[in-house]
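In: predicted model follows, preceded by the sequence.
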Amino acid sequence: MKWRVLPYTEQDAFTNMALDEVLSQNKTPTIRFYGWKPSAVSVGYFQSLESEVNLEQCKTSNVDFIRRRTGGGAVYHDQMGEITYSVIGDLNLFPTGIIDSYKLICGWIVNSLDILGIKAEFKPINDIIVNGKKISGNAQTRRNGVLLQHGTILYSVDVDRMFSLLRVPDEKIKDKLIANVKERVTSVTQQKSVSKDELYNALLKGFTNGKDFELSSFTEEELKCARELVSNRYSQKEWNFMR
Amino acid sequence: MKVIEKVPNGKLIAMEVQFLQGKVSHMKITGDFFLYPEEQIKQVEDSFLELPVNISDAELSSKLQHALKDAELIGVSIDDLVRLFRKAVSL
C-alpha cells in the first residue's frame, strides 16, 4: 500500500476544509500538511459559531471563521504559529475503536516531536501533551467507510491573541481563564529552539516513517471540486451558522 | 434557558431548551464533544421534543439510547445528557 503525501501548502480556511472533504471522497491513503492564510478560527461541528467566536474581532483582524466537519472545540489557527495535518484513508486501515485510532495517528505526531527531542504523549480523547501541557489538538470524522483525522501542532502560541478572537462562557472570569490556559498550553518553541521548517521536516518524517509513500500535489479535478465546495458549503452562512 | 456542563474527563456540553405547557418545545445541543455520525445529533435533539418535564430518568435514557442507535457518542454520555436535562428542568 502506497500513501499519498501532499506537502505543506497554505490556503484560506474555506479551501482548507473543502480540500479535506475532497480528499475524503475516496479511500486513497493520504497525509496532507497545511497552513491557514489568513489566520482563522475553526469551530467543531456541534459548536455554535456565535457563542464561541468573537466575529467582530475576527473581521477587524482579517481572521476567517469556519465550521469544521469534525467535532471537538474551537481552534485559533495562527498563520505563523501552527502546522495542520490531515490523514485520510479506508476505515479498515485504522483500529475500529475511535480512541485507538486517535492513538495511532497521534502516535505519528508523538514520534515527530521525539525527533526534535520533545517528549510528548497521547492524552485521550484527542490531545497530545508535553509535561502535562497541550501541544496538539485533533479531531476525527468517519463517513462512507473513510476516516478523516485532522489536527494542529502548535509551533508558537499567543494566548492573548487567541482569546481576543474566541468567546468565553463568562466574561467575568476571562482573565482567570486566560491565565489558566497559559498554564495548560505549550508550543514547540516553548520546548525547543527550532524553526518551523525543522518542525515540518520532523512531521514529514514522523508521519511517513515505515510507510511506502509518494509526494504528490492536488489534481485540477480536486481543486475544481474544492472550489465548488467552498462556494456551495464552506463560505455559506447556512453551514457556518448551522448551530 | 441554557445549561452548560464540562463533563469530568470529558467534553463540554450545552443544552438550550424551551418548555411549553410542561413539555419540551425546543432543544439544541452544542459543545465540543464527538458524535459519529455527526448528523445524528438531529435525532437526539428531536427525541426530546414533546417530552413531559417530569419524564423519569429511565424513560429519558431509553429514548436517548434509541435516538443514538448505531451512533457513537464520545466525551459525554447518555447519563450526562439526562443529568443536564434534569438541571434545565429544575431552573
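Out: Arrived safely, thanks for sending. Quick caveat: nothing in here was measured; it's all calculated off a predicted structure.
In: grab the longest helix from chain A for me.
Out: Longest helix of chain A, by residue count under DSSP state H: helix A:98-115.
In: and the residue located most distally from the centre of chain A, what's its pLDDT?
Out: Most distant from the centre of chain A: residue A:172, at 29.5 Å, with distances by C-alpha atoms, centre = their mean. At residue A:172, the model reports a pLDDT of 77.
In: then residue A:175?
Out: At residue A:175, the model reports a pLDDT of 85.
In: spell out which parts of chain B neighbour chain A.
Out: Counting by C-beta under 8 Å from any C-beta of the partner chain, chain B comes close to chain A at B:4, B:10-12, B:14, B:28-38, B:41, B:72, B:74-75. (Glycine included, C-beta is placed from N, CA and C.)
In: sitting in helices, which of the residues you listed do you find?
Out: Using DSSP H, the members of the residues of chain B next to chain A that fall within helices are residue B:41.
In: just the buried residues of the residues of chain B next to chain A.
Out: Burial by neighbour count, 16 or more other C-beta atoms under 10 Å in any protein chain shown: within the residues of chain B next to chain A this picks out B:4, B:10-12, B:14, B:28-36, B:38, B:41, B:74-75.
In: which of those fall in strands?
Out: Residues of these located in strands (DSSP state E): B:4, B:12, B:14, B:28, B:29, B:30, B:31, B:34, B:35, B:36, B:74.
In: enumerate the residues of chain A near chain B.
Out: When proximity is defined as C-beta under 8 Å from any C-beta, chain A approaches chain B at A:44-48, A:51, A:69-74, A:98-99, A:125-126, A:139-143, A:169, A:243.
In: buried members of these into PyMOL, please.
Out: Per 16+ other C-beta under 10 Å, the buried members of the residues of chain A next to chain B correspond to this PyMOL selection:
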select buried, chain A and resi 44+45+46+47+48+51+69+70+71+72+73+74+98+125+126+139+140+141+142+143+243
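In: just the residues of chain A next to chain B: which are in helices?
Out: Counting by DSSP H, these place A:51, A:98, A:99 in helices.
In: in a markdown table, list those along with pLDDT.
Out: Formatted as a markdown table, those follow (pLDDT from 0 to 100):
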| residue | pLDDT |
| --- | --- |
| A:51 | 93 |
| A:98 | 95 |
| A:99 | 95 |
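In: farthest pair within the ones in strands among the buried ones among the residues of chain B next to chain A?
Out: Taking every pair in those and measuring C-beta to C-beta, the maximum separation is 22.9 Å, between B:4 and B:36.
In: which residues in chain A form strands?
Out: Under DSSP E, chain A gives strands at A:2-11, A:30-36, A:40-43, A:64-67, A:75-77, A:82-90, A:121-123, A:127-130, A:133-143, A:146-154, A:212-215.
In: residues in contact with the nearest residue to residue A:122 once chain neighbours are set aside?
Out: Nearest residue to residue A:122, sequence neighbours excluded (C-beta to C-beta, 6 or more residues apart in numbering or on different chains): residue A:106, at 4.4 Å. Counting by C-beta atoms under 8 Å, 6 or more residues apart in numbering or on different chains, residue A:106 touches A:122, A:126, A:128, A:136, A:138, A:151.
In: can you pull the contacts of residue A:90?
Out: A:27, A:29, A:145, A:146, A:147.
In: and for the third one, the neighbour number?
Out: Residues contacting residue A:145 under the criterion other C-beta atoms under 10 Å in any protein chain shown number 9.
In: burial measure for the closest residue in space to it that isn't next to it in sequence, as a count.
Out: Nearest non-adjacent residue to residue A:145, counting by C-beta to C-beta, 6+ apart: residue A:91, 5.3 Å away. Residue A:91 has 15 neighbours, counted by other C-beta under 10 Å.
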